[in-house]
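[1] this one's structure only:
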């Protein structure tokens, strides 16, 4: 009888402990070897420790739970509590999501942080209206041009198949006379191998992590923009946490943001060196291409302000005044 009571006590205790633990799934469209997902994994571990196991976050990389372009909607509809997505991928929903993908508006880490700060209030407001809370953002290294063939001027891109992953890259492809082809990062190596794409704008990190150097042999460091990933949580599910747990999540998110930005900047140089070591022809200046792209960027900045209205103009004004 005593043994039975002891066993029942253990079961009850285990059940109570289980009831006190909240489990979150957090999908990402990026591979486990990327610094963004590694930062996510560290964030999840930090939250686990900071909450003494009350909140356990499981990161699902490589679009294994949802496709990259489905993650934001999955969080918004509470199919998952939290997720990571590239902001510019949602720019069709609201202009603020695409401000960091305007070519040559912010082309360095210092400028990107200023733009992040200037646009943060509007970004938070927009996400809140969609039922989500922003936890943190981290920029990818600057977007540069990869190509299977040499490119000396934008006219060389005419008639080629150019990867598009957001409205900005679709616009650029059309502006240079290329055919925009929507391809998610996870599918890009296969598209290169089968001739489904000829060139694309992406970061040095993606070039290394996805082994894009195997299919694209030319790299032009045009530093067009620094796209940001955002980690968001469903607001109602966040509100369902107790106050100490909420505070712990926000504190660890702030740590993850600082760590992520610092890692991105440090690793950019390492990635470019590795691309060179892998046999890519790296043009670190790409001055001619930069000049041509800057002209497109000026048009896109003006178009973005028109689209975003007074809120958008306020963001650009705040960015340029800092």
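    Noted; the coordinates are in hand. As the structure is a prediction and not an experimental result, all values here were calculated from the model.

[2] pretty sure residue 31 is touching residue 210, no?
    Yes: with contact defined as C-beta atoms under 8 Å, residue 31 and residue 210 form a contacting pair (7.1 Å). All C-beta spots, glycine's among them, are computed from the backbone N, C-alpha and C.

[3] okay, and the common contacts of the two?
    residue 186 (C-beta atoms under 8 Å, 6 or more residues apart in numbering).

[4] of the two, which one has the most company?
    Neighbour totals were compared for residue 31 and residue 210, and residue 210 leads with 21 against 17 (other C-beta atoms under 10 Å).

[5] so the nearest residue to that one once chain neighbours are set aside, which of the three states?
    Using C-beta to C-beta, 6 or more residues apart in numbering and skipping the chain neighbours, the partner closest in space to residue 210 is residue 189 (5.6 Å). Three-state assignment for residue 189 (DSSP: H, G, I helix; E, B strand; the rest coil): helix.

[6] just give me the neighbour total for residue 189.
    Residue 189 - counted by other C-beta under 10 Å - has 15 other residues nearby.

[7] that one against residue 214, yeah?
    Yes: if you go by C-beta under 8 Å, residue 189 and residue 214 touch, sitting 7.1 Å apart.

[8] what ranges do the strands span in the stretch 51-200 of the chain?
    Listed in chain order, the strands of the stretch 51-200 of the chain (DSSP state E, counting those that start in this stretch) span 55-60, 82-86, 132-139, 143-147, 161-164, 179-182, 199-203.

[9] now these in a markdown table, with distance to residue 262?
    As requested, the strands of the stretch 51-200 of the chain are exported to a markdown table (distance: least, C-beta to C-beta, whole Å):
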| stretch | distance to residue 262 |
| --- | --- |
| strand 55-60 | 20 |
| strand 82-86 | 18 |
| strand 132-139 | 10 |
| strand 143-147 | 19 |
| strand 161-164 | 28 |
| strand 179-182 | 32 |
| strand 199-203 | 16 |
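
[10] hey, which of those strands is tucked in deepest?
    strand 82-86 (a mean of 27; mean count of other C-beta atoms under 10 Å).

[11] helices or strands up against that strand?
    The contact analysis (3 or more C-beta pairs under 8 Å, 6 or more residues apart in numbering; DSSP states H and E) places strand 82-86 against strand 22-27, helix 35-50, helix 71-76, strand 228-234.

[12] tell me the most buried of the ones you listed?
    strand 228-234 (a mean of 24).

[13] quick check: residue 219 is in a helix.
    No: going by three-state DSSP, the assignment for residue 219 is strand, not a helix.

[14] can you count the residues close to it?
    By the criterion of other C-beta under 10 Å, residue 219 has 23 neighbours.

[15] same deal with residue 97?
    There are 26 residues near residue 97, going by other C-beta under 10 Å.

[16] residue 299 now?
    A total of 14 residues lie near residue 299 under the criterion other C-beta under 10 Å.

[17] and the pLDDT at the residue nearest to residue 210?
    Note for residue 189: predicted pLDDT of 96.

[18] residues in contact with it?
    Per C-beta under 8 Å, 6+ apart, neighbours of residue 189: 210-212, 214-215.

[19] mind running it again at 7 Å?
    210-212, 215 (C-beta atoms under 7 Å, 6 or more residues apart in numbering).

[20] list buried residues within these.
    210, 212, 215 (16 or more other C-beta atoms under 10 Å).

[21] was I right about the first one contacting residue 191?
    No: shown here, residue 210 and residue 191 do not form a contact pair, counting by C-beta atoms under 7 Å, at 10.9 Å.

[22] next, the buried residues of stretch 191-198.
    For stretch 191-198, by 16+ other C-beta under 10 Å, it's 191-192, 197-198.

[23] list the contacts of that stretch.
    Stretch 191-198 is contacted from outside by 147-148, 160-163, 181, 183, 212, 215-216, using C-beta under 7 Å, 6+ apart.

[24] repeat for stretch 64-84
    The contact list for stretch 64-84 (C-beta under 7 Å, 6+ apart) reads 24-29, 36, 40, 85, 89-90, 130-132, 184, 229, 231-234, 236-237.

[25] so the residue positioned nearest the centre of the chain bridges to which residues?
    Closest to where the C-alpha atoms of the chain average out (C-alpha atoms, centre = their mean) is residue 229, at 2.4 Å. Counting by DSSP bridges, residue 229 forms beta bridges with residue 86, residue 138.
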